[in-house]
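Enquirer: Dropping a prediction and its sequence here:
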Amino acid sequence: MTEKILIIEDESEIQEMLKFAFAREGWKLIPAITGEEGIKILLEEEVNCVILDIMLPGIDGLKTLKKIREMEKCKSLPIILCTARGEETDIVAGLELGADDYVVKPYSPRVLAARIRAALRRVEVLEKAPAGEKSFFEQGEIKIDIEKHNAFLGEESLDLLATEFAILTQFMSKPDIVFTRSKLITAIRGEDYPVTDRSIDVQIAGLRKKLKNHGKMIETIRGVGYRLKT
């Protein structure tokens, strides 16, 4: 199957550059120059990943991201933000709205391709639990079913982003084991994924918030990483 990559970007030079780079990967690039156009495409067809620029004409990238994540079919869709600013406030805002990661312009097509490959692998792993491998875990009030991609806090269904679900799966499958940020990224995205510690910290904060009082079970090990305390 040929993966379809939607890029919402108003710079034609970048569109052309990535068109050839993605062709080498065997991917089909679907271009859009505004957030409105990108959302229309998502409503009409299936795509495997979205590359989203923050600075767009019309509605900006962050507002576009929020609208995409509100679409039921796009809850687990990998979204990578592109920003020329590189400002932490923009990056954090994007991650909190549901972006899986970010790249700062100017970026290498090879680096972006590596991140897309890792995002596609993550989705594949989540959707295909190996036969015979345990797929249901429970710690206190927290329950997670990997095969059905469901998570619960007591009887309440948790509305988790794809990366939050992947992180919780790691914690639930290996309670009391300390994960460095690098190990978490490797576990959910693959060996060749460029480490972006800040993205993990933001996802952990979002996961804790959704777990309410049980969020304190995710313990910060200063100078090391995180673990699920039982």
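Expert: Received it, and whenever you're ready, just let me know what you need. Numbering: from 1, shown residues only.

Enquirer: Show the residue spans covered by the helices in the chain.
Expert: Counting by DSSP state H, residue ranges of the helices within the chain are 12-25, 35-44, 61-69, 88-96, 109-127, 162-173, 181-189, 197-210.

Enquirer: Mean neighbour count and mean pLDDT added to the ones you listed, as CSV?
Expert: The way it works is simple: take the backbone N, C-alpha and C, and place the C-beta from them, glycine included. Below are the helices of the chain laid out as CSV (neighbours: other C-beta atoms under 10 Å; pLDDT from 0 to 100):
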stretch, mean neighbour count, mean pLDDT
helix 12-25, 14, 90
helix 35-44, 17, 96
helix 61-69, 20, 93
helix 88-96, 18, 79
helix 109-127, 17, 78
helix 162-173, 22, 86
helix 181-189, 19, 75
helix 197-210, 18, 84
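
Enquirer: Can you tell me which of these is nearest to residue 153?
Expert: Nearest to residue 153, of all the helices of the chain, is helix 197-210, at 7.9 Å by C-beta to C-beta.

Enquirer: what's that closest one in contact with?
Expert: 88, 91-92, 95-96, 100-102, 153, 158-161, 163-164, 167-168, 181-182, 184-185, 215-216, 218, 226 (C-beta atoms under 8 Å, 6 or more residues apart in numbering).

Enquirer: So the closest residue to residue 203 other than its chain neighbours versus residue 14, what's the distance?
Expert: Spatial nearest neighbour of residue 203, excluding adjacent residues (C-beta to C-beta, 6 or more residues apart in numbering): residue 163 at 5.1 Å. From residue 163 across to residue 14, the span is 25 Å (C-beta to C-beta, to the nearest Å).

Enquirer: and what of residue 31?
Expert: Using C-beta to C-beta, residue 31 is found at 10 Å from residue 14.

Enquirer: overlap in contacts of the two?
Expert: Residues touching both residue 31 and residue 14 (C-beta under 8 Å, 6+ apart) are residue 7.

Enquirer: wait, residue 71 sits on residue 44?
Expert: No. Contact between residue 71 and residue 44 fails when scored by C-beta atoms under 8 Å: they sit 11.9 Å apart.

Enquirer: tell me, what residue is most central in this protein?
Expert: residue 100 (2.5 Å; C-alpha atoms, centre = their mean).

Enquirer: isn't that residue right up against residue 165?
Expert: No. The pair residue 100 / residue 165 is not scored as a contact, 11.5 Å apart, by C-beta under 8 Å.

Enquirer: How many residues are close by the closest residue to residue 61 other than its chain neighbours?
Expert: In space, and not counting its chain neighbours, residue 61 is closest to residue 54: 3.7 Å by C-beta to C-beta, 6+ apart. Other residues lying near residue 54 total 23 when counted by other C-beta atoms under 10 Å.
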